[in-house]
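Asker: no sequence on this one, just coordinates:
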């Protein structure tokens, strides 16, 4: 799998109301980029544009991957909502993509991935029978099953309690290593732990912030990470 | 707990246990009451009916007592059972046609805005026009008696399925619709894997209403048309018994119709529960 670098430059508007931009965003290949910002600055819109979901938003500019091919079909999305089909069990949810593409599903691989996220025993359960954290782990397993080079994360862990969130961050960082990840978050602690590259999006535009020296996922009690978290919070509150 | 621990007072836990036991007991009592109370009401009602008839010496051609109705049900079982089969046959066929027609139109309406705009108003008109007033016309133009009966019952029964299924197909979660787009699902795949399962609870709600309505439709149509050529249904037996002042048989036939309706409703509720129990909010047990 080649690590794709993403590049987006332009502005977006809904009707005559500007949503974001003009701005230029680079997402380096094979790294984890965190896009942090207050609500309403267009973080999620930006992510959805990259995912090919315009949803009534007009984008003027360019969006490209480093190999020059279109992004459609090469991105996976994990959102705050787990996006699981409630009538399918975990295994069937994980194999949904293959089924839609008309390929023979691969139950052995689905089982292995569910085991990777610690849900081997929950294969046959429906989402309603799982906890919020477990559902997000199924969503992560499905994202891995899809095996896309680009993974877009839209505050995927924000609905979880602090302990499950930290656990999910470690798990996601380990399992998504080597892919191009863009994560939208409003949580400075999450950004400080996970980002190879940190971007702050405010009304004024996009600013890069240098991450701590340690490699992500950084320890929750790493002093440099905690200090950065404090600085990010100050910048967020000032924005 | 080992024997050695026994002397330690089981302080706060005991409170919880008492509370839990009390709650479990209430739940058991409620479970029994759910069945016992309606049965009790029925028994009291039947008893009151019987006493009113006996104490007032009401003749059986005006109001038969419950005992006589039961006797008639047994005595006339051969006639009534045959009639029940005819009515049941029309009801179930009408329900099947209502499901096919209702779901088919709902899918058509959600796939094509133009089709919905063109035909939905007429579906509403069909629904709000009393079937009793359309039925005589239907039997003038439709020669086949069975087809006429089915058409009447269908007109009454298809609308709740159409309306509910249309709502259900449109209620698929927007986030999941986006997911389908990311997976580049075709229109047909979106229908098959997302919209139809999303609509299932709504469809089943409509089906339960339609089950009762198709029985009503079948009975009403039979009242209007009779069942010449395909045997006599329960409605025809009621009319006939009325002309002969055989009031006990009217009651017996009525009892069978009501029971049929209840059985249809219970059957469809059971089907709904079995299909939804693992995933839909309406059927999930809360673990609290």
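Answerer: Alright, I've got the coordinates. Note that the coordinates shown come from a computational prediction; the quantities given were computed from them, not determined experimentally.

Asker: Quick check: nearest residue in space to the most centrally placed residue in chain A, chain neighbours excluded?
Answerer: Centre of chain A computed as the mean C-alpha position; nearest residue by CA atoms, centre = their mean is residue A:153, 1.3 Å away. With CB to CB, 6 or more residues apart in numbering or on different chains as the criterion, residue A:153 has its nearest non-adjacent residue at 4.0 Å, and that residue is residue A:183. (C-beta placed from N, C-alpha, C; glycine too.)

Asker: Against chain B, how distant is that neighbour?
Answerer: Note on residue A:183: its distance to chain B, by CB to the nearest CB, to the nearest Å, is 17 Å.

Asker: Identify the residues contacting the residue nearest to the centre of chain A.
Answerer: Residue A:153 makes contact with A:77-79, A:172, A:181-185 under the criterion CB atoms under 8 Å, 6 or more residues apart in numbering or on different chains.

Asker: what does residue A:13 give?
Answerer: When the contact criterion is CB under 8 Å, 6+ apart, the partners of residue A:13 are A:19, A:57-58, A:60.

Asker: repeat that for 10 Å
Answerer: Under the criterion of CB atoms under 10 Å, 6 or more residues apart in numbering or on different chains, the contact list for residue A:13 reads A:19-21, A:42, A:45, A:57-60.

Asker: what about it, helix or strand, and which?
Answerer: Here residue A:13 sits within strand A:6-14, counting by DSSP states H and E.

Asker: contacting residues for the closest residue to residue B:196 other than its chain neighbours?
Answerer: Here the nearest residue to residue B:196 in space, its sequence neighbours aside, is residue B:169; by CB to CB, 6+ apart that works out to 7.4 Å. Residue B:169 makes contacts with B:103, B:106-107, B:109-111, B:191, B:194-196, B:198-199, B:202-203, as judged by CB under 10 Å, 6+ apart.

Asker: ok, so of these, who is nearest residue B:75?
Answerer: Taking CB to CB as the measure, residue B:75 sits nearest to residue B:203 out of the contacts of residue B:169, at 42.1 Å.

Asker: wait, isn't the closest one in contact with residue B:196?
Answerer: Yes. A contact is recorded between residue B:203 and residue B:196 when judged using CB atoms under 10 Å, the distance being 8.7 Å.

Asker: of these two, who's got more company?
Answerer: When neighbours are counted by other CB atoms under 10 Å in any protein chain shown, residue B:203 comes out ahead of the other of residue B:203 and residue B:196, with 26 against 19.

Asker: would JSON lines of the contacts of residue B:169 with distance to residue B:32 be doable?
Answerer: Supplementary listing: these in JSON lines, determined by distance: CB to CB, whole Å:
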{"residue": "B:103", "distance to residue B:32": "39"}
{"residue": "B:106", "distance to residue B:32": "41"}
{"residue": "B:107", "distance to residue B:32": "44"}
{"residue": "B:109", "distance to residue B:32": "46"}
{"residue": "B:110", "distance to residue B:32": "45"}
{"residue": "B:111", "distance to residue B:32": "49"}
{"residue": "B:191", "distance to residue B:32": "45"}
{"residue": "B:194", "distance to residue B:32": "42"}
{"residue": "B:195", "distance to residue B:32": "42"}
{"residue": "B:196", "distance to residue B:32": "40"}
{"residue": "B:198", "distance to residue B:32": "37"}
{"residue": "B:199", "distance to residue B:32": "37"}
{"residue": "B:202", "distance to residue B:32": "33"}
{"residue": "B:203", "distance to residue B:32": "33"}
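
Asker: Tell me how many other residues crowd residue 61.
Answerer: You didn't pick a chain, so chain A it is. That count, for residue A:61 with other CB under 10 Å as the rule, works out to 14.

Asker: Wait, chain B was what I had in mind.
Answerer: If you count neighbours by other CB under 10 Å, residue B:61 ends up with 11.

Asker: Quick one: residues contacting the most centrally placed residue in chain B.
Answerer: Centroid check for chain B by CA atoms, centre = their mean gives residue B:265 as the closest residue, at 3.1 Å. Residue B:265 makes contacts with B:208-209, B:211-212, B:215, as judged by CB under 10 Å, 6+ apart.

Asker: Which of those has the largest number of neighbours?
Answerer: Most neighbours among the contacts of residue B:265, by other CB under 10 Å: residue B:215, with 28 neighbours.

Asker: so who does that one touch?
Answerer: Listed by CB under 10 Å, 6+ apart, the contact set of residue B:215 reads B:87-88, B:90-92, B:94-95, B:153, B:156-157, B:234, B:257-258, B:260-261, B:263-265.

Asker: just the buried members of those residues?
Answerer: Burial of the contacts of residue B:215 was assessed by neighbour count (16 or more other CB atoms under 10 Å in any protein chain shown); the buried members are B:87-88, B:90-92, B:94-95, B:153, B:156-157, B:234, B:257, B:260-261, B:264.

Asker: which of those lies closest to chain A?
Answerer: The shortest distance between chain A and any of those, using CB to the nearest CB, involves residue B:95 and amounts to 23.9 Å.

Asker: Can you name every helix or strand that the host helix or strand of the closest one contacts?
Answerer: Taking DSSP H and E as the criterion, residue B:95 maps to helix B:77-111. When contacts are defined as 3 or more CB pairs under 10 Å, 6 or more residues apart in numbering or on different chains; DSSP states H and E, helix B:77-111 packs onto helix B:66-75, helix B:113-128, helix B:145-170, helix B:196-225, helix B:234-243, helix B:247-276.

Asker: let's see it at 7 Å
Answerer: Other elements packing on helix B:77-111 under the criterion 3 or more CB pairs under 7 Å, 6 or more residues apart in numbering or on different chains; DSSP states H and E are helix B:113-128, helix B:145-170, helix B:196-225, helix B:234-243, helix B:247-276.

Asker: do you know which of those lies nearest residue A:72?
Answerer: Going by CB to CB, the one of the helices and strands packed on helix B:77-111 nearest residue A:72 is helix B:196-225, 24.6 Å.

Asker: Could you check how far the closest one is from the centre of its chain?
Answerer: Average the C-alpha atoms of helix B:196-225, do the same for its chain, and the two points are 7 Å apart (CA atoms, centre = their mean, to the nearest Å).

Asker: Look up the pLDDT of residue A:81 for me, please.
Answerer: The confidence metric pLDDT takes the value 87 at residue A:81.

Asker: for residue B:135, same thing?
Answerer: What the model reports as pLDDT for residue B:135 is 88.

Asker: Quick check: it touching residue B:151?
Answerer: No. Between residue B:135 and residue B:151 there is no contact under CB atoms under 7 Å: 8.9 Å.

Asker: Tell me where the model's unsure across the stretch 51-200 of chain B.
Answerer: Under the criterion pLDDT under 70, no range of the stretch 51-200 of chain B is flagged.

Asker: Same list (the contacts of residue A:153) but as CSV, adding neighbour count.
Answerer: What follows is those, written out as CSV (neighbours: other CB atoms under 10 Å in any protein chain shown):
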residue, neighbour count
A:77, 27
A:78, 23
A:79, 22
A:172, 26
A:181, 24
A:182, 25
A:183, 26
A:184, 26
A:185, 21
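
Asker: Show me which of those residues is closest to residue A:201.
Answerer: Using CB to CB, residue A:184 is the member of these that lies nearest residue A:201, at 8.8 Å.

Asker: So residue A:148 belongs to a strand, correct?
Answerer: No. The assignment for residue A:148, made by DSSP: H, G, I helix; E, B strand; the rest coil, is coil rather than a strand.

Asker: Test my guess that it contacts residue A:75.
Answerer: Yes. Residue A:148 is within contact range of residue A:75, at 5.7 Å (criterion: CB under 7 Å).

Asker: coming back round to it: list the contacts of the residue nearest to residue A:153.
Answerer: Under the criterion of CB atoms under 7 Å, 6 or more residues apart in numbering or on different chains, the contact partners of residue A:183 comprise A:32, A:34-35, A:153, A:194.

Asker: which element is it on?
Answerer: Residue A:183 belongs to strand A:180-185 when elements are defined using DSSP H and E.

Asker: That strand pairs with which strands, parallel or anti?
Answerer: Counting by DSSP bridges, the strands paired with strand A:180-185 are strand A:32-36 (parallel), strand A:150-154 (parallel).
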